[in-house]
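> Mind looking at a prediction? Sequence and model below.
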Amino acid sequence: MPDEAEMIRMYETITIEEAQARLAELIGRLNPGEEVVIMEDDQPVAKLTRQPAGQWPCQPGSAKNTPHWMAPDFDAPLDDFKEYME
């Protein structure tokens with residue numbers, strides 16, 4: 001169960017004038033499941049919510065036939081860590 005701070009974060013009210021002035025910021029800080037209720041004359045007129053993330057763009061096996069390059073010494077100890085390797 002969310003604590004009080006999380007409940008306040010999940011549901012915030014803001015005036016329509018403030019929403020117009022800070023729309024990009026409001027959208028940028030919203031997480032899925034959170035909402036901002038936009039008020040006009042102390043009455044709710046709109047609700048701003050964040051869409052859940054869509055399908056992950058990477059699919060399993062999508063790089064299967066893609067050539068990859070790896071340095072021949074990729075697993076060689078780094079000189080910076082030589083004292084820790086002794």
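Looks like it came in fine. Everything numeric in this text was worked out from a predicted model, so none of it was measured. Residues are numbered from 1 along each chain as shown.
> Can you pull out the residues in contact with stretch 55-63?
Applying C-beta atoms under 8 Å, 6 or more residues apart in numbering, stretch 55-63 turns out to have no external contacts. For the C-beta atoms, the positions are set from N, CA and C on the backbone; glycine is no exception.
> Need the distance between the two termini of that stretch.
The straight-line separation of the ends of stretch 55-63 (C-alpha to C-alpha, to the nearest Å) is 17 Å.
> repeat for stretch 58-75
End to end - C-alpha to C-alpha - stretch 58-75 spans 27 Å.
> Same check on stretch 61-72?
Start-to-end span of stretch 61-72 (C-alpha to C-alpha) is 24 Å.
> Just checking the distance from that stretch to the centre of its chain.
The chain centroid and the centroid of stretch 61-72 are separated by 28 Å under C-alpha atoms, centre = their mean, to the nearest Å.
> Likewise for stretch 75-86?
36 Å.
> got the contact list for that stretch?
The contact list for stretch 75-86 (C-beta under 8 Å, 6+ apart) is empty.
> Between the two ends of that stretch, how far is it?
End-to-end distance (C-alpha to C-alpha), stretch 75-86: 16 Å.
> Check the average confidence over that stretch, would you?
Mean per-residue pLDDT for stretch 75-86: 84.
> Ok, stretch 34-41 next?
pLDDT averaged over stretch 34-41 gives 91.
> Stretch 52-70 too?
Mean per-residue pLDDT for stretch 52-70: 82.
> Start and end of that stretch, how far apart?
First-to-last residue span, stretch 52-70, C-alpha to C-alpha: 36 Å.
> Now do that stretch: distance to the chain's middle.
The mean C-alpha position of stretch 52-70 is separated from the chain mean by 20 Å, C-alpha atoms, centre = their mean.
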